[in-house]
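>>> I would like to see how this sequence folds:
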Amino acid sequence: NYQYYYSYYLTVNLLLCVFCGPEEQARNRFQSELEFIQCLANPNYLNFLAQRGFLRERPFINYLKYLLYWKEPEYAKFLKYPHCLHMLELLQYEHFRKELVNAQCAKFIDEQQLLHWQHYSRKRTRLQQALAEQQQQPQQPPHGNAATK
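Residues are numbered from 1 along each chain as shown. Model (predicted):
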């Protein structure tokens, strides 16, 4: 069922690209690649790709290599899920691609992402609170200042 919708999606995008100008083609390509690369942040999707053999196909592996340009700041700024870049980097390694066939591997990655987000959120909140408190405190002159003698 998923393959049907994905094939339909690709066909519609292909037809759009055939009938639109170069600017629209570039925009459609950008949007499609942006959408796809962010899907790489989902370990269950990576498991799906691995189980269906996509991660063993040379053209697909080459496409993943091509997508590394998203690491450049002018492209990365559009990502909503920047950790997809880390997954893209890991997908460059054959050993990682092979391990993704195992559902337990995907589950482990999913759990690690959740832990990271939980701790990152808490740590960020604490840092923001400390910074706010620091900014609210009046600046005191350093000790030993000539004006106090």
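>>> When you work out contacts or count neighbours from here on, use the C-alpha atoms and nothing else.
Fine.
>>> Disregarding flanking residues, what is the spatial nearest neighbour of N47?
L100 (5.1 Å; CA to CA, 6 or more residues apart in numbering).
>>> That neighbour is in contact with L46, isn't it?
Yes: L100 lies in contact with L46 (CA atoms under 8 Å); the separation is 6.6 Å.
>>> what touches both of these two?
Residues within reach of L100 and of L46 at once, by CA atoms under 8 Å, 6 or more residues apart in numbering, are A106.
>>> the more surrounded of those two?
L100 (24 against 21; other CA atoms under 10 Å).
>>> How about the contacts made by the more buried one?
So L100 contacts 46-47, 50-51, 106 (CA under 8 Å, 6+ apart).
>>> Select, from these, the two members most distant in space.
Farthest-apart pair in the contacts of L100 is Q51 and A106; separation 11.3 Å (CA to CA).
>>> The two: which has the busier surroundings?
Counted by other CA under 10 Å, Q51 and A106 do not tie: A106 has more neighbours, with 20 against 16.
>>> From E33, how far out is that one?
A106 sits 22 Å away from E33, going by CA to CA, to the nearest Å.
>>> And for L100?
In this view, L100 and E33 are 21 Å apart by CA to CA.
>>> L68 now?
Taking CA to CA as the measure, L68 falls 11 Å from E33.
>>> so who does the residue nearest the centre of the chain touch?
Most central in the chain under CA atoms, centre = their mean is C84, positioned 2.1 Å from the mean C-alpha point. Going by CA under 8 Å, 6+ apart, C84 touches 37-42.
>>> Same question for L46.
Neighbour list for L46: 40, 100, 106 [criterion: CA under 8 Å, 6+ apart].
>>> Could you dump these into CSV and include distance to R122 and secondary structure?
Formatted as CSV, those follow (distance: CA to CA, whole Å; DSSP: H, G, I helix; E, B strand; the rest coil):
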residue, distance to R122, secondary structure
L40, 25, coil
L100, 30, coil
A106, 25, helix
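>>> and those as JSON lines, adding distance to L114?
Formatted as JSON lines, those follow (distance: CA to CA, whole Å):
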{"residue": "L40", "distance to L114": "15"}
{"residue": "L100", "distance to L114": "18"}
{"residue": "A106", "distance to L114": "12"}
